[in-house]
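Asker: got a predicted structure here, sequence first:
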Protein chains: 2
Amino acid sequence: MTLFASLPPLTPFQYNVVDNVFSLTVATMGAAAIFFFAARSLVAPKFRPALMVSGLVVAIACYHYFMIRLSWQSAYAYSDGAFNPTGKGFNDFYRYADWILTVPLLLVELVAVMGLAKEVARPLLTKLVIAAALMIGLGYPGEVSQDWTTLMIWGMLSTLPFLYILYVLWVELGKSLATQPESVRSLVSLARILIVITWMFYPIAYAIRGDSLPGAIPGIIPEKSGLGVVGTQVGYAIADLTAKAGFGMLIFFIARIKTETLSPEERAEQLQATALMT
Amino acid sequence: MTLFASLPPLTPFQYNVVDNVFSLTVATMGAAAIFFFAARSLVAPKFRPALMVSGLVVAIACYHYFMIRLSWQSAYAYSDGAFNPTGKGFNDFYRYADWILTVPLLLVELVAVMGLAKEVARPLLTKLVIAAALMIGLGYPGEVSQDWTTLMIWGMLSTLPFLYILYVLWVELGKSLATQPESVRSLVSLARILIVITWMFYPIAYAIRGDSLPGAIPGIIPEKSGLGVVGTQVGYAIADLTAKAGFGMLIFFIARIKTETLSPEERAEQLQATALMT
């Protein structure tokens, strides 16, 4: 088993689109990390852990996109008008390491938004985290495979826990809508739709890479076109930006509105918490 | 005496497993450092020093794993389908420097969890720190040795203070269980078990390297297989992740529950402390 996917040669335009999207992602994730940590003091104490988790998710992603970009730059060398693979490979594992760390944290954020009781939240989170580990673990062998069939088999296996997670989140977030204060109901509803839409980018980005593999769809897709690699990398970056920085912003807005609309008793309680915990 | 252990050639898979585990460890330790420092404000003032110490431990480890990874990348070069030693060596001293700094801090955390009176805690900590210095100092000559016998002799010598530390921690943490509030007793008990299990990884990882040395177990283990080096590096990384980031999380949960279950007098006292120290 190899750890790296095979790479096709790229045009300078294709190479640079990916390189630049990586840099944009590093900058956005880094800025989002600073914002989420600093913005903790803008919400009531009970919402601060959610902002810290958002901050951690984008900080971890910032590190990984920096490393992903370095790996991209060492995987290609320019000569004679084209970017050709150097043979060092592009390290897909950074993405999977990132997901192993950040998907459970994103699930913590999501369950926190639902505002469930601890005895309900904990088993729900356990189920989701196990499914997430399966989803990521099963996806990796396909990601680094050298042929279309292997890619598809692992991709399909990984899709089962993926769909399970989306289904559970959709149902549970739907249920929690009824108990949410009027003022944030539309935002929580938006969060619910945003998750499904942004997460759908991942299997699409995963499958697009097949286009760069030999024997993908003979006669229809030219073998080893650069489009697969470019589509996958740009697709993952967009999905990560939306699911991490975008979703974190939504959590921030929800926490902000909930802070502004605390009941008098909750407000008194949160003031005490602030006094104790700064 | 050499400063570096001898290295066998590795397959690309073996080399990259270690390289990726190092990157994952850098990311995890860095994220944990941000979390522990930020999470200080989520616990009462008297528990904040423990979180700061946790934060320092993982911040120091983040730096060292970054350096360990650079040393790994310069110790090997790819040619003809394999990663061969460049002769620059892999610097094991980073690990020992890390342990010299972080093991005493981990012991401070552990003794803090017990909640002992100062006159009991101080001599206990002194004994443990001296044993830790012996354990680390005696382990190093074996770690960088070029033969199995030297490795085993220093390893055994290092194991004596190692077992002494585990024994003292086991007994003292056991004693402290009786005085812990009901709400955290199971977590402190878990901490006690976690220490013994995670620390056991270290001697195992240490011994596995023998597999890469000439004359290890003639006829049984093929000489200079890459498995020893890979096993040692991955084993140490897993042990460090659990003993530092994982253990720090446990300390955080214990501090959080203790904050929530403060008695009214303690709460008043801690409120005063917050006002004074912010």
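Answerer: Yes, it's here. Note that the coordinates shown come from a computational prediction; the quantities given were computed from them, not determined experimentally.
Asker: nearest spatial neighbour of residue A:145, skipping sequence neighbours?
Answerer: residue A:151 (5.0 Å; Cβ to Cβ, 6 or more residues apart in numbering or on different chains). C-beta coordinates here come from the backbone N, C-alpha and C atoms, glycine included.
Asker: typed the wrong thing, it's residue A:107
Answerer: residue A:128 (4.7 Å).
Asker: count the residues that sit near the one you found.
Answerer: For residue A:128, the neighbour count with other Cβ atoms under 10 Å in any protein chain shown is 23.
Asker: that one: which element?
Answerer: helix A:118-143 (DSSP states H and E).
Asker: what helices and strands are in contact with the longest helix that chain A contains?
Answerer: As assigned by DSSP state H, the longest helix anywhere in chain A is helix A:148-177. For helix A:148-177, the packing partners by 3 or more Cβ pairs under 8 Å, 6 or more residues apart in numbering or on different chains; DSSP states H and E come out as helix A:93-114, helix A:118-143, helix A:182-208.
Asker: the residue most central in space within chain A is in what secondary structure piece?
Answerer: What sits nearest the mean C-alpha location of chain A, by Cα atoms, centre = their mean, is residue A:240, with 3.8 Å. Residue A:240 is part of helix A:227-240, with elements assigned from DSSP H and E.
Asker: and the next helix or strand past that helix?
Answerer: Assignment by DSSP H and E places the next element after helix A:227-240 at helix A:247-260.
Asker: and that next one, what's buried?
Answerer: If you call a residue buried by 16 or more other Cβ atoms under 10 Å in any protein chain shown, then helix A:247-260 has these buried ones: A:247-248, A:250-252, A:254-256, A:258-259.
Asker: compute the distance between the nearest residue to residue A:92 once chain neighbours are set aside and residue A:6, please.
Answerer: Residue nearest to residue A:92 in three dimensions, not counting chain neighbours: residue A:143, with 5.1 Å by Cβ to Cβ, 6+ apart. Separation of residue A:143 from residue A:6 (Cβ to Cβ, to the nearest Å): 12 Å.
Asker: phi, psi of residue A:90?
Answerer: Main-chain dihedrals, residue A:90, degrees, to the nearest 10: phi -110, psi 120.
Asker: tell me the contacts of the closest residue in space to it that isn't next to it in sequence?
Answerer: Computed as Cβ to Cβ, 6+ apart, the closest residue to residue A:90 that is not its neighbour in sequence is residue A:75, at 4.0 Å. By Cβ atoms under 8 Å, 6 or more residues apart in numbering or on different chains, the contact list for residue A:75 reads A:7, A:85-86, A:88-90.
Asker: what's the spacing between residue A:75 and residue B:11?
Answerer: Taking Cβ to Cβ, one finds residue A:75 at 19 Å from residue B:11.
Asker: thinking again about what came up before, confirm for me that the residue nearest to residue A:92 is in contact with residue A:90.
Answerer: No. At 10.7 Å, residue A:143 does not count as touching residue A:90 under the criterion of Cβ atoms under 8 Å.
Asker: looking at these two, which one has more neighbours?
Answerer: residue A:90 (23 against 20).
Asker: which pLDDT value goes with residue A:153?
Answerer: We have a pLDDT of 93 for residue A:153.
Asker: what's the nearest residue to it if we skip its chain neighbours?
Answerer: Closest to residue A:153 by Cβ to Cβ, 6+ apart is residue A:142, at 6.9 Å.
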